[in-house]
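>>> what's the 3D shape of this:
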Amino acid sequence: MGNVGNAPSIKEFTSGSRSAIFDVGVHENTKDKDGVPIRTTEWFKCIAWGKTVEFIEKYVEKGAKCFVEGKLKSRTYTNNEGVEVKVWEVLVERFELLTWDKPTS
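Residues are numbered from 1 along each chain as shown. Take a look at the predicted model:
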């Protein structure tokens, strides 16, 4: 459960399938040794497919509170500088919007 950190990016493939890619920030509130509150955020790249893409495209905006459930997968790619980078992504299986600011019609 967290907040959407960016407007979802919708990608369309030649096969006709579509994906929605977005980041979700999960906050943790702790205190330092002096009792001063500290808030840290961990970011997760999420990728959704199928009917979920239609919903995300229509209703999800930056800052929206959401619940995401899915498989955590890693992949490796070579960036523009020629460096191999390993990334972790959540392949969304279940998505629920917890804040609702848009009309349903």
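>>> Which stretches in the chain count as strands?
Assigned by DSSP state E, the chain shows strands spanning 2-4, 9-12, 18-31, 37-49, 65-78, 84-97.
>>> Please name whichever of the ones you listed is nearest to E57.
Ranking those by proximity to E57 (C-beta to C-beta) places strand 9-12 first, at 5.3 Å. Backbone N, C-alpha and C define where each C-beta goes, glycine included.
>>> Can I get that closest one in CSV? Just the C-alpha atoms.
The C-alpha trace of strand 9-12 is given here as CSV (Å, rounded to 0.1, in the frame of the first residue of the first chain):
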residue,chain,number,x,y,z
SER,A,9,2.8,5.5,-18.7
ILE,A,10,0.7,3.4,-21.1
LYS,A,11,2.6,1.4,-23.7
GLU,A,12,0.9,-0.3,-26.7
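>>> pLDDT of that strand, averaged?
The average pLDDT within strand 9-12 is 96.
>>> swap in stretch 45-55?
Along stretch 45-55, the predicted confidence averages to a pLDDT of 96.
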